[in-house]
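> For reference, the sequence and a predicted model appear below.
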Amino acid sequence: MNQILMGLAVGANQRAARARRDANDAGELARVLASGYGDMVATAMAFKERALRAERQKAELEEALNLERMHAAGLLAQVMILKSAALAAGDPGKVFQPDAAGNTKFGRAYDEAHDDEGRRLGVDNPSDLRD
């Protein structure tokens, strides 16, 4: 009978020890998961902040681009008036008359200014960027 009781006691102790190990493992797992969850939340918040900054920057760049588009439209309108006035005067001074290659003095002036500015800005082959 003592052996049976001793066997039961040993078995109970082993089960209790296993339960304690399992509880410790579960506690450690919970701590690891909680730590990982906190890292995931921090990472998600960092990505959200980056996305918000990118949206603000996009809006600023779109505004700057629109200003440049408006400036270009205004310049084009002025050019059209100058061209119209020169042609109406009957002597455009060959500014708008194409040469043998189909280029005008007016067009060459733009191309040269465009390319000079591109080179000043460090653009390789600025002529490739002309329309």
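That came through, no problem.
> Residue 86 and residue 95 touch, don't they?
Yes - taking CB atoms under 8 Å as the definition, residue 86 is a contact partner of residue 95 at 6.3 Å. For glycine as for every other residue, the C-beta is placed from the backbone atoms N, C-alpha and C.
> Break this protein down into its structural domains.
Domain segmentation of the chain under automatic domain parsing yields 2-92, 93-131.
> where's the last one relative to the chain centroid, distance-wise?
Domain 93-131 sits 32 Å away from the centroid of its parent chain (CA atoms, centre = their mean, to the nearest Å).
> Can you list the low-confidence ranges for the chain?
Along the chain, segments meeting pLDDT under 70 span 1-13, 36, 91-94, 131.
> Figure out the helix or strand that residue 35 lives in.
Assigned by DSSP states H and E, residue 35 belongs to helix 2-88.
> Ok, residue 99 next?
Residue 99 is part of no helix or strand, with elements assigned from DSSP H and E.
> so how far is residue 114 from it?
Note on residue 99: its distance to residue 114, by CB to CB, to the nearest Å, is 18 Å.
> which of the two has more neighbours?
Summary of the neighbour comparison: residue 99 and residue 114, criterion other CB atoms under 10 Å, with residue 114 having more neighbours (16 against 11).
> To what extent is the closest residue to the more buried one other than its chain neighbours buried, counted in neighbours?
Nearest-residue entry for residue 114: residue 130, 5.7 Å, with adjacent residues in sequence omitted and distances by CB to CB, 6 or more residues apart in numbering. Burial of residue 130, expressed as a neighbour count using other CB under 10 Å, amounts to 11.
> now swap in residue 73 and tell me
When neighbours are defined as other CB under 10 Å, residue 73 has 10 of them.
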